[in-house]
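J.: give me a 3D structure for the following:
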Amino acid sequence: MAPGGKYSSIISPEEQQLLDRLDRQRILVRRKPMLWILSSALFVSVMVVTGSIIENKKYENDAWPYVVMLVFTLFFFGCIAWLTFKFPERGEISKQYKRFVLQSFAPKILPGWVFSRSHKLKNEDIRKSGLFKDKANRMAREDYLFGPAGKVVAEVYQITLQVEPSSNKEQNGGVILKKETPTTFFFGFFYRVHCPLIFLCDVWVFPKHRKLSGEVDDWAEVTEEKYSGDDVRKPVMTSDAAFDERFSVYSNYPPEALNILNHRRRENLLTIDRMFSTSCAFSFTGNKVFIMIGFEKDPLDIDLRKTIGEDLFAGQADELLRMKEVALLASAL
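T.: Purely as a prediction, here's the structure:
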């Protein structure tokens with residue numbers, strides 16, 4: 001990080017040493033694919049040339065073409081071992097960097113907020129929110145922050161919702177195979193905002209339009225479609241043209257839903273929607289506001305194209321501050 005940067009005063013010398021080491025590893029990870037290509041291309045070229053020499057029998061009584069092939073074969077496998085065992089893996093760099101962001105950086109940007117691994121978010125909590133009704137039956141809990149946001153307390157989870165690997169076995173040529181690869185249906189933030197009041201009915205708010213053409217926004221579209229055919233949860237029109245054009249609203253008691261989605265909350269939800277390039281969905285249940293926001297890549301992770309320094313920290317500081325702002329806007333307290 002450049003001396004005198006905005007965040008230099010909040011990063012200790014020990015933390016800076018860690019970040020410098022991680023940045024050197026980041027550079028190695030970026031170079032790794034090119035080194036694979038170069039070593040493979042060199043190996044193939046040498047094998048082709050020496051193979052042609054042997055095939056033409058120009059040096060059929062000489063041993064050196066075979067020696068060259070042996071040396072470069074050993075060299076190639078040496079490169080494989082070097083790139084495999086000596087070069088860092090992106091996942092390990094990511095893990096160490098995110099630990100720094102969540103444990104050290106986040107509390108300095110959001111005073112009073114802490115990172116914890118002792119949370120007990122379960123699939124049942126996702127079900128209670130009513131925001132996800134796809135096929136996932138497994139939740140990979142990754143990261144968790146919580147802290148005060150005005151009059152409310154916000155919990156922000158980064159989660160991955162998946163289908164468990166199938167235990168079904170398939171017969172293939174007498175060999176029993178077991179499916180192992182899980183399917184991901186959602187990757188993003190799950191907010192649970194605790195409010196000092198009780199909502200008198202349940203309200204669910206979903207986007208009417210996809211923002212992305214890929215799979216990132218599938219979860220919201222699937223859930224909204226299931227609500228549209230539900231006899232218990234009735235559609236609600238707010239008579240707010242801008243809001244109704246953007247969102248579909250459902251409630252188990254529509255007359256009270258309009259009191260929850262008052263003018264201020266409608267404006268706030270539209271503001272949150274404009275803050276993200278992916279779909280956002282909301283629910284008001286009991287004394288909690290739930291929010292789900294998917295993303296294509298983790299906004300708190302490293303970017304291999306960027307130096308681990310001031311520019312990267314600035315973007316992630318904005319993301320952390322946005323977490324608090326989302327909780328404040330959604331609760332409207």
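
J.: can you give me the neighbour number for Gly51?
T.: 12 (other Cβ atoms under 10 Å). For glycine as for every other residue, the C-beta is placed from the backbone atoms N, C-alpha and C.

J.: what sits against the residue nearest in space to the middle of the chain?
T.: Geometric centre of the chain, nearest residue: Asp298, 3.6 Å, by Cα atoms, centre = their mean. Residues in contact with Asp298 (Cβ atoms under 8 Å, 6 or more residues apart in numbering) are 94, 98, 158.

J.: that one: which element?
T.: Mapping Asp298 onto the secondary structure by DSSP states H and E places it in no helix or strand at all.

J.: pLDDT score for it?
T.: In this model, Asp298 is scored at 92, pLDDT.

J.: now stretch 88-106: mean pLDDT?
T.: 90.

J.: can you list the buried residues in that stretch?
T.: 88, 93-94, 96-98, 100-102, 104-106 (16 or more other Cβ atoms under 10 Å).

J.: before we move on, what about stretch 136-144?
T.: Neighbour-count burial for stretch 136-144 flags 136, 139, 143-144 (criterion: 16+ other Cβ under 10 Å).

J.: which residue sits closest to Phe282, ignoring its sequence neighbours?
T.: Val205 (4.3 Å; Cβ to Cβ, 6 or more residues apart in numbering).

J.: how near is the closest residue to Lys108 other than its chain neighbours to Pro111?
T.: The shortest distance from Lys108 to any non-neighbouring residue, by Cβ to Cβ, 6+ apart, is to Ile10 (4.6 Å). Ile10 sits at a distance of 11 Å from Pro111 (criterion: Cβ to Cβ, to the nearest Å).

J.: same question, Glu245
T.: Glu245 is 38 Å from Pro111, by Cβ to Cβ.

J.: what does Lys122 give?
T.: Distance from Lys122 to Pro111, by Cβ to Cβ: 29 Å.

J.: what ranges does the stretch 51-200 of the chain have for its helices?
T.: Assigned by DSSP state H, counting those that start in this stretch, the helices in the stretch 51-200 of the chain fall at 64-85, 90-100, 106-109, 123-129.

J.: the third one: which residues count as buried?
T.: What it means is helix 106-109. Those would be 106-107, 109, for helix 106-109 by 16+ other Cβ under 10 Å.

J.: where does this structure dip in pLDDT?
T.: 1-5, 36, 53-62, 64-66, 82-85, 166-180 (pLDDT under 70).

J.: give me that answer again for 80
T.: Within the chain, the ranges that satisfy pLDDT under 80 run 1-9, 31-87, 117-120, 141-142, 164-181, 230.

J.: so how far is stretch 276-283 off the chain centroid?
T.: 14 Å (Cα atoms, centre = their mean, to the nearest Å).

J.: identify all contacting residues around it.
T.: Contacts to stretch 276-283, defined as Cβ under 8 Å, 6+ apart, come from residues 129-131, 188, 202-207, 210-212, 216-217, 219-221, 223-224, 269, 272-273, 289-296, 330.

J.: list the buried residues in it.
T.: Quick answer for stretch 276-283 (16+ other Cβ under 10 Å): 276, 278-283.

J.: before we move on, the earlier item: from Phe100, how far out is the residue nearest to Lys108?
T.: 12 Å.

J.: count of neighbours near the closest residue to Ser129 other than its chain neighbours?
T.: Distances taken as Cβ to Cβ, 6+ apart place Phe290 nearest to Ser129, at 3.6 Å, with adjacent residues excluded. Per other Cβ under 10 Å, the neighbour tally for Phe290 reads 23.

J.: residue contacts, Phe290?
T.: 128-131, 190-193, 282-283.

J.: can you mark which positions in the helix or strand harbouring it are buried?
T.: Assigning secondary structure by DSSP H and E places Phe290 in strand 288-294. Going by neighbour count (16+ other Cβ under 10 Å), the buried part of strand 288-294 is 288-294.
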